[in-house]
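Undergrad: The following block contains a protein sequence and its predicted model.
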Amino acid sequence: MTGREDKNANNLFFLCSLIEYISRKTKNHRNVVVNAIGKNKLQHILDLADIYHTENIDKLSFELIEKHNIEDGVFDNISSAEFSIPTHWDIGKVYKRLIIDISKKEDKPVIDILTEVYNSWLSRKIEDFNGSVYYESREYLYQSYLAGENL
């Protein structure tokens, strides 16, 4: 462990933040971006995140959008937000914590859990910046995910 956080957790944080960044840029739900990139490439980015994070995020996101033909969508949770908007780093941290908490319970690869979380009902709640879910406690999000509904 170097720094305040485990390298794998930091790499996951970067990947989740990148997904959020691309989703905002292309106006897509987060699962659209995750599914377009695919598990293999997501795993590759996760494995090399300590290198990728030294690149310009605009350049990296542009390359991924082009390579995986991620078309512009119509989901714009930024301009429709009525309150302060969390950064892509803030939301990356929310997803990272949730994925780590689930991975401690389940014996599955992190990329499988990441894909499940982004394709879950909870992801739609997290990306609603007019709601309150994205700033709920780590434990609340984890327990709600396990329950399959907001608690």
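TA: On my side now, so go ahead.
Undergrad: Phe83 contacts Phe129, correct?
TA: Yes - using C-beta atoms under 8 Å, Phe83 is in contact with Phe129, at 6.9 Å. C-beta here means a position set from N, CA and C on the backbone, and glycine is covered the same way.
Undergrad: More neighbours: these two, which one.
TA: Counted by other C-beta atoms under 10 Å, Phe83 and Phe129 do not tie: Phe129 has more neighbours, with 19 against 9.
Undergrad: Got the phi and psi for the more buried one?
TA: phi -80, psi 0 (degrees, to the nearest 10).
Undergrad: Leaving out the residues flanking it, which one is nearest to it?
TA: By the measure of C-beta to C-beta, 6 or more residues apart in numbering, the closest residue to Phe129 outside its immediate chain neighbours is Ala81, 4.1 Å from it.
Undergrad: pLDDT weak spots in this structure?
TA: Judged by pLDDT under 70, the chain has its weakly predicted residues at 1-4.
Undergrad: again, only this time at 90
TA: Within the chain, the stretches with pLDDT under 90 are 1-7, 50, 52-55, 80-84, 107, 131-132, 135, 151.
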